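Visitor: Sequence and predicted structure below; questions after.
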Protein chains: 2
Amino acid sequence: MLSMRKLILQLAVSLDSYIEGPNGEFDWCFTDQDYGMSEFFKRIDSLFIGRKSFELMMTMDDAAMPGFPKLTEYVFSTTLTEVKPDAILIKGNIESEVRRIKNEPGKDIWLFGGASLTASLLNAGLVDEMILAVHPIILGSGKALFSNISSRISLILTDTKTYPGGLVMLTYQTIIG
Amino acid sequence: MLSMRKLILQLAVSLDSYIEGPNGEFDWCFTDQDYGMSEFFKRIDSLFIGRKSFELMMTMDDAAMPGFPKLTEYVFSTTLTEVKPDAILIKGNIESEVRRIKNEPGKDIWLFGGASLTASLLNAGLVDEMILAVHPIILGSGKALFSNISSRISLILTDTKTYPGGLVMLTYQTIIG
């Protein structure tokens, strides 16, 4: 039996678990080196993104994301009626749609955000792995990575990597209860 | 010139930066081994604690804290009028009192909590070091370690230690701006 595609939450976070500053800032994210992203990109062929994050990305210059691979984009929204031509809009039951996509042949899937989609998928036990690039900063406020989590989620630490600039990459598997 | 005593925030946190569950639970904290505490205890001779955490500790059996060293306890409160005989009540201006204590001769000082005292001292730039025992769990709710932080705090990662059970000990110095 082929193993199912994994859904991987991979994000930069502050030490206090924010993914953006209070005004959407991500100027605190290290960009001086690759931080394992090119290795990560080899594992994936698809990306899950919530509506707000998708709309934010649409406003950004492609050049802002050097080395970003060609991925199948799944945009999760109950309000959008269309997305750009090469993306796939997921409007229906999130859980069943995600289970269906994870059962399709393919590489692993990057859960890119945002907070609402992440919470839904974590609460449904559909996130298999988390790779968090913990940056050496306390932001104090902003958009929290973990919000609306309905109950404890136990994790298995599978890797840690410390970079000279103080970034710590923590990799966890979720324990599906 | 003698170097000043350091104020060290040393705590167990969940991956989502909670120090207690929603009902004050700390059953998720690993207790199966020492996790560097006996080395840490050698560095310190005093403890800073907020009023709520102090009152919580007073309800606990001493036996619950094996290996807890004899420390000078400073209890920070604007409402208490007395504390137990061997503790010192700090009622006045927190910042000047903490500066005074840090300038006294002695070993380093453990900032034990709670959230309100921690926020005040972080915002005042009086916390020198943070040693966080990041546990492999998302609690989802509870008491947040970092709340009411008024502005960004940049950190320097000075040590990481990964334990077999998945606990990661992260040590940071704060950058006093």
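Guide: That came through fine.
Visitor: For chain A, which element, helix or strand, carries the lowest mean pLDDT?
Guide: Every helix and strand of chain A was ranked by mean pLDDT, DSSP states H and E. The lowest is helix A:51-58, at a mean of 84.
Visitor: That one: which residues count as buried?
Guide: A:R51, A:S53, A:F54, A:M57 (16 or more other Cβ atoms under 10 Å in any protein chain shown). Bear in mind the C-beta positions are built from the backbone N, C-alpha and C, glycine included.
Visitor: which residues touch the nearest residue in space to the second one that is not next to it in sequence?
Guide: By the measure of Cβ to Cβ, 6 or more residues apart in numbering or on different chains, the closest residue to A:S53 outside its immediate chain neighbours is A:G114, 4.2 Å from it. Contact analysis of A:G114 by Cβ atoms under 8 Å, 6 or more residues apart in numbering or on different chains lists A:I19, A:I49, A:G50, A:K52, A:S53, A:K143.
Visitor: Return the distance of the fourth one relative to A:T118.
Guide: It refers to A:K52. A:K52 is 12 Å from A:T118, where distance means Cβ to Cβ, to the nearest Å.
Visitor: next one: A:D34
Guide: From A:D34 across to A:T118, the span is 24 Å (Cβ to Cβ).
Visitor: Tell me which of the two has more neighbours.
Guide: More crowded of A:D34 and A:T118, by other Cβ atoms under 10 Å in any protein chain shown: A:T118, with 25 against 11.
Visitor: for the helix or strand that one falls within, which positions count as buried?
Guide: Element membership for A:T118 (DSSP states H and E) is helix A:115-123. For helix A:115-123, a neighbour-count test (16+ other Cβ under 10 Å) marks A:A115, A:L117, A:T118, A:A119, A:S120, A:L121, A:L122, A:N123 as buried.
Visitor: and the helix or strand following it, how far out from the chain's middle?
Guide: Of the helices and strands lying after helix A:115-123 in sequence (DSSP H and E), the nearest is strand A:129-135. Relative to the chain's own centre, strand A:129-135 is displaced by 9 Å; criterion: Cα atoms, centre = their mean, to the nearest Å.
Visitor: Tell me the spatial nearest neighbour of the spatially most central residue of chain A, not counting adjacent residues.
Guide: Closest to where the C-alpha atoms of chain A average out (Cα atoms, centre = their mean) is A:F112, at 2.7 Å. The spatial neighbour of A:F112 that comes closest, neighbours along the chain excluded (Cβ to Cβ, 6+ apart), is A:I49 at 4.8 Å.
Visitor: Correct me if wrong, but the one you found is in a strand.
Guide: Yes. Assessed with DSSP: H, G, I helix; E, B strand; the rest coil, A:I49 lies in a strand.
Visitor: And for it, the neighbour number?
Guide: Neighbour tally, A:I49, other Cβ under 10 Å: 25.
Visitor: Kindly report the same for A:K91.
Guide: A:K91 has 13 neighbours, counted by other Cβ under 10 Å.
Visitor: Which pLDDT value goes with it?
Guide: Model confidence at A:K91, given as pLDDT, is 92.
Visitor: quick one, what contacts it?
Guide: Taking Cβ under 8 Å, 6+ apart, one finds A:S77, A:T78, A:L80 in contact with A:K91.
Visitor: Can you give me the distance of the second one to A:L126?
Guide: If I follow you right, that is A:T78. 17 Å.
Visitor: out of those two, which sits in the more crowded spot?
Guide: A direct count of neighbours by other Cβ under 10 Å for A:T78 and A:L126 places A:L126 higher, at 18 against 9.
Visitor: Touching, the more buried one and A:E95? I think so.
Guide: Yes. Counting by Cβ atoms under 8 Å, A:L126 does reach A:E95; the two are 6.8 Å apart.
Visitor: What backbone torsions are found at A:K102?
Guide: Backbone torsions of A:K102, given as degrees, to the nearest 10, read phi -60, psi -30.
Visitor: what number of residues lie near it?
Guide: Neighbour count of A:K102, defined by other Cβ under 10 Å: 17.
Visitor: contacting residues for it?
Guide: A:M4, A:R5, A:K6, A:L7, A:I109, A:L126.
Visitor: Ok, A:L157 next?
Guide: With Cβ under 8 Å, 6+ apart, A:L157 has these contacts: A:L170, A:T171, A:Y172, B:P136, B:T162, B:G166, B:L167, B:V168.
Visitor: can you give me phi and psi for it?
Guide: phi -70, psi 120.
Visitor: Tell me the one of the contacts of A:K91 nearest A:L71?
Guide: Distance to A:L71, by Cβ to Cβ, is smallest for A:S77 among the contacts of A:K91, at 17.6 Å.
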